[in-house]
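kindly return the folded structure for what I paste below:
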Amino acid sequence: MKLKKLTMAEKLSMLDGCQEVPFTGEFDQTFDRGVYVCRRCGAHLFKSEHKFDAHCGWPAFDKEMRGAVKKEPDPDGKRTAIACKRCGAHLGHVFIGERFTKTNTRHCVNSLAMRFMPNGKRISTPVRRDKHTEVIQNGVIIDADNQEEKY
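So this is what the prediction gives:
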C-alpha cells in the first residue's frame, strides 16, 4: 500500500489523533455528490449521501462504507475513535444515540483526514499545503505547521 505524504497538520490529525479547530475544515459545509476517501491511503470511507449538517463544526456522516472504518475506545475513555481500516489513520469519533438521523449515528470526521472524489471523476481536492493550520492538541489550539501554541 502506497501512503501519501502528509503535511504537519495532517500528521498531527491522522497519526497523533489531534482535532481540527471546529468550523475550519474544508468539508464542514460541502454537500456535493461523491465519495470521501482517506487522505493517507485513498481508501473509500464515506458516501456523500450519508453526510449531514450536524452543526458541530466537523463533517458528519451517519453511515460509513462497509468495512472502511474501525472503531476503538478513545484514550480519553469517554468517546469512540474511528480510524481508516486500511491504513489505521485517525479520522475522528463516532457518536451513537443523538437522534440526528434515522441511523442514530454521527461519524464526526476531520477534513484533514479526507479528500473528496466527485461522482465519476478523479480526486479533485488538492493536497493541503497551507500554512498555519490550527489543530487542537491536549485541549490547546496550536499552529500545526510551526508547532507553537496559539491560545
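
how much space between Ile136 and Arg106?
Distance, Ile136 to Arg106, by C-beta to C-beta, to the nearest Å: 18 Å. For every residue, glycine as well, the C-beta is placed using N, CA and C.

show me which of the two is the more surrounded one.
Higher neighbour count among Ile136 and Arg106: Arg106, with 23 against 17, using other C-beta atoms under 10 Å.

where's that one relative to Leu15, distance?
Arg106 is 23 Å from Leu15, by C-beta to C-beta.

longest strand of this structure?
Determined from DSSP state E, the single longest strand within the chain is strand 90-96.

next structured bit after it?
Sequence-wise, the next helix or strand downstream of strand 90-96 (DSSP states H and E) is strand 105-109.

low-confidence ranges in the protein?
Along the chain, the parts satisfying pLDDT under 70 run over 120-132, 145-151.

how much space between the residue nearest the centre of it and Lys102?
For the chain, the residue sitting closest to the mean C-alpha position, by C-alpha atoms, centre = their mean, is Asn110 at 2.6 Å. Distance, Asn110 to Lys102, using C-beta to C-beta: 25 Å.

residues in contact with the residue nearest to the centre of the chain?
By C-beta atoms under 8 Å, 6 or more residues apart in numbering, the contact set of Asn110 is Ser13, Met14, Gln19, Glu20, Gly25, Trp58, His90, Leu91, Gly92.

for the closest residue to the second one other than its chain neighbours, list the residues it contacts.
If you skip the residues right next to it in sequence, Met14 has Ala89 as its closest partner in space, 4.0 Å away by C-beta to C-beta, 6 or more residues apart in numbering. For Ala89, the residues meeting the contact criterion (C-beta under 8 Å, 6+ apart) are Met14, Leu15, Cys38, Arg39, Arg40, Cys41, Ala83, Ala113.
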